[in-house]
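Asks: Provided below for reference: sequence and predicted model.
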Amino acid sequence: MSKQVLFQQKLAYEETFSCVQCGYCLPSCPTYKTMEKETHSPRGRINLVKMAAEGKISLSELEEPIDLCLGCRACETACPTNVQYGAILESAKEAIQEEKNKTLNKSTKLLRKILFEKAFPNKAAMNTVSFGMSLYQATGLQKLNHKTGIGEKILPASLAAFEKITPDTTGRKRLTHVKPKGEPVFRIGFFTGCVMDTVFGKINDLSIRLLQEAGCEVEVIKEQTCCGALQHHSGEGETARSLAKKNIEAFERYDFDYVVNSIGGCGAALVEYDHLLKDDPEWAARAKEFSQRNADISVILAELTLPFRRKINKMVTYQPSCHMTNVQKRVTEPLSLIKSLPGAEYMELPDKNMCCGSAGIYNIVHYEESMNILDEKMSEVKKVKPDVIITTNPGCHLQMKHGVEREGMSGGTEVVHLVEILAEACGIEQ
Amino acid sequence: MGETTSAETIIEKVREVIPDESRILVEKADRYSYSFDASFGVHMPEVVVQPKAAEEVAEIMKLANKYLIPVCPRGQGTSLSGGPLPVKGGILLDFSQWNDKLEVDPEDMVAIVSPGVLTAEINKAANEAGLMYAPDPSSSSVSTIGGNMAENAGGPRGLKYGVTKDYVIGLEVVTPEGEIIRTGGRTVKNVTGYDLTKLIVGSEGTLGVITEATLRLIPKPRASSTLMVMFEEIVDSGRAISKVLSSGIIPAKMELMDQASIIAVEEYEPLGLPTDIEAILLIELDGHPVAILEEREQVEKVCREVGARDIKVARDEKEAQELWKARKLVSPAIVRIKPTKISEDATVPRSKIPEMFQRLKEIKEKYSVDLVVFGHAGDGNLHPNIIADKRDKEEMKRVEKAVGEIFEAAVELGGTLSGEHGIGTMKSPFMEMELGKEGLDMMKRIKESWDPNNILNPGKIFPEPGQKLVLHDE
Ligand SMILES: Cc1cc2nc3c(=O)[nH]c(=O)nc-3n(C[C@H](O)[C@H](O)[C@H](O)COP(=O)(O)OP(=O)(O)OC[C@H]3O[C@@H](n4cnc5c(N)ncnc54)[C@H](O)[C@@H]3O)c2cc1C
Ligand code: SF4
Ligand code: SF4
């Protein structure tokens, strides 16, 4: 097979043809807005993937535009012709990473392997390294290509900035099984996530308590593993697929009505397992069934009744995560929960669907670019001046906290996960 | 004649003019990113420059004349006629990032804007002052005002409110030779000398580079009302259009969907539209709330008289949105059939609409192409769209022929090649057919006197000897 044909198969070449280059996606793209170049727009990126597949540019010329994409997929929701941008992006990432793997030295390869296959999926390991460090190491690896030692790259300003706002994770006990008072409305398998659970374990615990209050039986099964999102977005498709299979297998063994998570980013990966495994005859149907059973906590809670016991007398706003809006397509549920908060006044954030710039580990790998996007977001926040910014994803949560700090607003504005404020209204104590 | 020189030297010279390195793009990936528009063909510029001042543009034009480098202006590249393609290479001027000025003066009822401001933003700012910027191309939330002026863009509201040129009253323009001039002004009335403003508007970036514009705003209508009318025969819908207009009512919009587009929409997202009818007319009335009540009754009566099967009237804004949804879904629905959309905008006199429908039907059968018709029926600006797959070379050749015949039919019926998308590279081979040799020659002479070195956006509007419409990749 010629190299070109192989390229076209690897890159989602056929998908690029559904782009009619109308440009409707341009105004929704945060990187087009801040980087001011068609090269960093959805239409531009799709065109470049096509050019690479046709051999007109090299994969290394494609690398920067693809690397600088947040993967927020706002472009998909704006597209009138339903272009599968996510699939095009992932295909490009995988092809670029494969090409790079050929030239990576042994120790770097090993390190990547340990991090993506061992460290992330393993909670104990995640607990021993601090959150930012491990993330940085994972991503700093991309820079290792440029043959610098690891030592001098660790803890740059970007990481230090995030260390400051990362919650304290020590001394917490995990709930593994709770039952409601009467007959349960739903039996729920809870998906904890790896990074999320080490850093935001409190939110998982509160989620489980809320589900219990709403009448569900909740179980945290041991067999579950990492969702695979970070690996997938870093071009490690194989690892992502093998983690997906492990999760599907694990949850299949139980008879849950839903598999629930409170992490927008992981949820997005879980609802797309069917895409991830669509070419695998043995797994495609099982993946589909798993994806359909998956739901964000807001979806379940919006369907049930929460026993609110306290008033939240604050002005709140909501920064919907891209994963929630553009991938999981859950827009109304979180909002209806927020609007149901007793005593709270809701103000819509202008341009709310613009990404905050967190995007997985983007804000660590591309600190400058991410901060430019965050600055745009904060200028909208300043128009609303809320007491509370509500998020549904740990990445956005940290990013918004960082934004509030950068703007010197931390005195007046707090950032909370939706689950935290719901728990507060229900009078659930930690 | 100027000196010839290498790409490197040109870039060096551009660097002397543009102080900010980040606004000069030379990487291959960047240049490829400005090599296309929403039509056909890929043409690479040698360098992309993002100017943010008239003086910068002037300096670049002077450079270009000295070294005979082609210069091509580009807004957001949503052109459907190949207007911003750098067909001769050279310098591409990207205006999409020059959007710092958007001033609304409610007293003079004008807006002063930079070339890269998005059209929808102008209307939004005008609305806040109780005014409206009337031209509304469907691409208004993406396209720049500079691109709109260059193409003289129209839209659904064109029927009642006219097109871009009716709202441009003053311009700042950099001439192809690098002089900064002003045309028109801030007054609605202005008859001093030749109307260069109107000449520049619609010149597709071949006579001058627009660096600032003064636009006329009008009061925002107080209310609007929407109706959806279903017809069993497409010819009846044509009669309804004429009758409504001749009864003294000018709707804000009058949009048509033919049976193929109705079926496509229903298959894409079922809205409950009947698929056994040949046409739907969507009519929007606007103006004083009392007046539109009366007009609505009149429109209903007229439509029933010519045999409308059913009429739906929106009771509020939400229901109006629902009705318009059908029209909005046509584009995504039809590209599900096949990915490539050739969107034509041949326009005929209103009275010839039924005849044009007939001709389109024949062309569709003759070349067995997927042809759907939807668009601005009220002003005769039908949008025949052919759906194809550009990877299928044989099909694309049939499409080329069909498109050619659509143009012929429009011109024969006393219409025009382009109602709003412009000529660009796509329609230049047909120019003589509409204008005649002498007519086209007169236009060429104007171009030559403005741009003696043929530097600005060469290869557009005027056909090269032997040039034909080509829709398949070479
Ligand atoms: C889905 C879709 C729907 C559309 N609907 C409509 C519609 O309803 N009505 C309509 O009229 N068109 C429509 N169009 C066509 C297109 O949007 C318009 O032609 C628009 O005016 C182009 O604007 P732009 O900013 O993208 O300019 P570009 O496409 O970048 O350029 C268009 C032309 O303008 C020139 N130009 C750009 N900026 C300047 C400047 N500052 N000075 C001088 N010349 C300049 C370029 O050289 C080129 O010739 C549609 C297009 C698409 C893809
Ligand atoms: S995913 Fe987000 S950043 Fe990437 S191209 Fe789409 S809108 Fe832009
Ligand atoms: S909106 Fe969709 S079709 Fe249009 S340019 Fe963007 S990706 Fe392509």
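Replies: Cool, the structure landed. Ligands and ions are numbered 1, 2, ... in the order given.
Asks: Quickly find the element holding the most centrally placed residue in chain A.
Replies: Centroid-nearest residue in chain A, with CA atoms, centre = their mean: A:G265, separated by 2.4 Å. Using DSSP states H and E, A:G265 sits in helix A:264-271.
Asks: ok, and what's touching the helix or strand following that helix?
Replies: Sequence order places helix A:273-276 as the next helix or strand after helix A:264-271, per DSSP H and E. Outside of helix A:273-276, the residues within contact range by CB atoms under 8 Å, 6 or more residues apart in numbering or on different chains are A:86-87, A:228, A:232, A:240-241, A:244, A:247-248, A:269, A:284, A:287-288, A:290-291. Where C-beta positions appear, they are placed from N, C-alpha and C, glycine not excepted.
Asks: And the residues you listed, which of them are buried?
Replies: Among the contacts of helix A:273-276, those classed as buried by 16 or more other CB atoms under 10 Å in any protein chain shown are A:86, A:228, A:232, A:240-241, A:244, A:247-248, A:269, A:284, A:287-288, A:290-291.
Asks: Now distance to A:K37 and secondary structure too, for those residues, in a markdown table please.
Replies: Formatted as a markdown table, the buried ones among the contacts of helix A:273-276 follow (distance: CB to CB, whole Å; DSSP: H, G, I helix; E, B strand; the rest coil):
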| residue | distance to A:K37 | secondary structure |
| --- | --- | --- |
| A:G86 | 22 | helix |
| A:G228 | 31 | coil |
| A:H232 | 26 | helix |
| A:A240 | 30 | helix |
| A:R241 | 33 | helix |
| A:A244 | 35 | helix |
| A:N247 | 38 | helix |
| A:I248 | 40 | helix |
| A:A269 | 29 | helix |
| A:A284 | 38 | helix |
| A:A287 | 37 | helix |
| A:K288 | 38 | helix |
| A:F290 | 39 | helix |
| A:S291 | 35 | helix |
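Asks: Okay, the residue lying closest to B:V411 once chain neighbours are set aside and B:K325: tell me how far apart.
Replies: With sequence-adjacent residues excluded and distances taken as CB to CB, 6 or more residues apart in numbering or on different chains, B:V411 is closest to B:E434, at 5.0 Å. Look at B:E434 and B:K325: by CB to CB, to the nearest Å, they are 36 Å apart.
Asks: Close to ligand 1: what parts of the stretch 351-474 of chain B are there?
Replies: Those residues of the stretch 351-474 of chain B that sit near ligand 1, judged by CB under 6 Å from any ligand atom, are B:420-421, B:457.
Asks: redo that, cut-off 5 Å
Replies: Neighbours of ligand 1 within the stretch 351-474 of chain B, by CB under 5 Å from any ligand atom: B:E420.
Asks: go on, chain B?
Replies: B:38, B:73-80, B:83-84, B:95, B:115, B:137-139, B:143-144, B:146-148, B:150-151, B:153-155, B:204-205, B:209-210, B:420.
Asks: and stretch A:95-110, what's its mean pLDDT?
Replies: The average pLDDT for stretch A:95-110 rounds to 77.
Asks: hey, which helix or strand in the chain has the poorest pLDDT?
Replies: Let's take chain A. helix A:131-144 (a mean of 44; mean pLDDT, DSSP states H and E).
Asks: not what I meant, chain B
Replies: Per-SSE averages on chain B (mean pLDDT, DSSP H and E): minimum helix B:330-334, a mean of 85.
Asks: Who are the packing partners of the next helix or strand after that helix?
Replies: Note on helix B:330-334: by DSSP H and E, the next helix or strand toward the C-terminus is strand B:340-343. Judged by 3 or more CB pairs under 8 Å, 6 or more residues apart in numbering or on different chains; DSSP states H and E, strand B:340-343 is in contact with strand B:381-388.
Asks: so residue 251 is in which element?
Replies: Going with chain A. helix A:237-252.
Asks: my question was about chain B
Replies: Counting by DSSP H and E, no helix or strand carries B:P251.
Asks: List the backbone torsions phi and psi for it.
Replies: phi -70, psi 160 (degrees, to the nearest 10).
Asks: My guess is it contacts B:I283. True?
Replies: Yes - between B:P251 and B:I283 a contact is recorded at 5.0 Å, counting by CB atoms under 8 Å.
Asks: Overlap of the contact sets of these two?
Replies: B:244, B:299.
Asks: I'd say A:P184 and A:G215 touch.
Replies: Yes - A:P184 is in contact with A:G215 according to CB under 8 Å; the separation is 6.4 Å.
Asks: In the stretch 351-474 of chain B, which residue sits closest to chain A?
Replies: Residue nearest to chain A within the stretch 351-474 of chain B: B:R391 (7.0 Å; CB to the nearest CB).
Asks: Quick check: which ranges of chain A have low pLDDT?
Replies: Within chain A, the ranges that satisfy pLDDT under 70 run A:1-3, A:105, A:107-174, A:195-196, A:430.
Asks: quick one, strands of it?
Replies: Per DSSP state E, chain A has strands spanning A:177-178, A:187-190, A:217-219, A:258-261, A:294-296, A:315-318, A:345-346, A:388-391, A:414-417. These are given in chain order.
Asks: Ok, which of the ones you listed comes nearest ligand 1?
Replies: Closest to ligand 1 of these, according to CB to the nearest ligand atom: strand A:315-318, at 31.2 Å.
Asks: the helices in the stretch 51-200 of chain B, which residues?
Replies: For the stretch 51-200 of chain B, the helices defined by DSSP state H, counting those that start in this stretch occupy B:54-67, B:119-128, B:145-151, B:158-161, B:196-200.
Asks: Of those, flag the one that's most buried.
Replies: Highest mean neighbour count of the helices of the stretch 51-200 of chain B: helix B:145-151, a mean of 31 (counted as mean count of other CB atoms under 10 Å in any protein chain shown).
Asks: Stretch A:18-36 vs chain B: in contact?
Replies: Yes - judged by CB under 8 Å from any CB of the partner chain, stretch A:18-36 and chain B are in contact via A:18, A:20-24, A:26-27, A:36.
Asks: Please report how far A:E98 lies from ligand 2.
Replies: Distance, A:E98 to ligand 2, by CB to the nearest ligand atom, to the nearest Å: 21 Å.
Asks: Repeat that for B:P106.
Replies: 35 Å.
Asks: elements contacting the host helix or strand of B:E8?
Replies: Per DSSP H and E: B:E8 is located in helix B:7-17. Judged by 3+ CB pairs under 8 Å, 6+ apart, helix B:7-17 is in contact with strand B:24-25, strand B:47-49, helix B:54-67.
Asks: The ones you listed: which one's closest to B:M230?
Replies: Among the helices and strands packed on helix B:7-17, strand B:47-49 comes nearest to B:M230, with 48.7 Å by CB to CB.
Asks: avg pLDDT for the closest one?
Replies: With pLDDT averaged residue by residue, strand B:47-49 scores 97.
Asks: In chain B, which residue sits nearest ligand 3?
Replies: Closest approach between chain B and ligand 3, counting by CB to the nearest ligand atom: B:A38, at 7.8 Å.
Asks: In stretch B:439-447, which residues are buried?
Replies: Neighbour counts over stretch B:439-447 (16+ other CB under 10 Å) mark B:440, B:443, B:447 as buried.
Asks: Among these, name the ones in helices.
Replies: Among the buried residues of stretch B:439-447, the subset assigned to helices under DSSP state H consists of B:440, B:443, B:447.
Asks: what's the closest of the residues you listed to A:V419?
Replies: Nearest to A:V419 among those: B:K447, at 65.5 Å, using CB to CB.
Asks: What spatial separation is found between the closest one and B:G424?
Replies: Here the distance between B:K447 and B:G424 works out to 14 Å (CB to CB).
Asks: What sits closest to A:K288 if chain neighbours are left out?
Replies: Spatial nearest neighbour of A:K288, chain neighbours left out: A:D274 (4.3 Å); criterion: CB to CB, 6+ apart.
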